[in-house]
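>>> coords please:
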Amino acid sequence: MVIRLEIAKRVRQLALPLLCVSVLAYFLFHTIQGDRGVVAWLMLKQDLRVADTRLAAIEDERMMLANRVARLSPKTLDADLLEEQVRLMLNQASENEVVIMQDRLPPMTPDERATSDIN
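Now for the predicted structure:
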């Protein structure tokens, strides 16, 4: 009987600390692995970096297209660009010209542009 009372006493003494440790472990786990935890935050940070890279590439392409549109506007007409566009659209060339067809390359990313030799 004494042993049973001693065990009951020890269980009562350990119940509150065990409960506190369990609650702490629960919150610690969800701080790291939860929907708004550290791992999810790091993944969102990586997604943001990828989105920023895509945004920079799209902005570069937009600026390039805006430049071409500005050069074709009636106020600042670029004759060479206009002639190039006419030949491209009409698929025509003069008799004394040599036409070299090239595949269009995809636009360079900012990292590729920084490492290329051509500015």
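>>> Look at the residue nearest to the spatial centre of the chain and report its pLDDT.
The chain has residue 50 as the residue nearest its centroid, 1.5 Å off, counting by C-alpha atoms, centre = their mean. The predicted local distance difference test score for residue 50 is 96.
>>> what sits against it?
Residue 50 sits next to no residue when contact means C-beta atoms under 8 Å, 6 or more residues apart in numbering. Every C-beta, even on glycine, is put in place using the N, C-alpha and C of the backbone.
>>> Ignoring the adjacent residues along the chain, who's closest to residue 78?
residue 71 (4.0 Å; C-beta to C-beta, 6 or more residues apart in numbering).
>>> On the three-state scheme, the one you found is what?
Residue 71 falls in the helix class when you classify it by DSSP: H, G, I helix; E, B strand; the rest coil.
>>> one step back: next, the buried residues of the helix or strand in which the residue nearest to the centre of the chain is found.
Counting by DSSP states H and E, the element that carries residue 50 is helix 38-72. Residues of helix 38-72 classed as buried under the neighbour-count rule (16 or more other C-beta atoms under 10 Å) are residue 57.
>>> Report the inter-axis angle for the next helix or strand after that helix versus helix 38-72.
Downstream of helix 38-72, the first helix or strand assigned by DSSP H and E is helix 79-90. Between helix 79-90 and helix 38-72, the angle comes out at 100 degrees (axes from the mean of the first three to the mean of the last three C-alpha atoms, to 10 degrees).
>>> Show me the protein divided up by domain.
Using automatic domain parsing, the domain parsing of the chain gives 1-33, 35-92.
>>> Reformat those as a markdown table; add distance to residue 102.
Written out in a markdown table, the entries for the domains of the chain read as follows (distance: least, C-beta to C-beta, whole Å):
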| stretch | distance to residue 102 |
| --- | --- |
| domain 1-33 | 52 |
| domain 35-92 | 12 |
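>>> out of these, nearest to residue 106?
Between residue 106 and the domains of the chain, the shortest gap by C-beta to C-beta is with domain 35-92, which sits at 9.6 Å.
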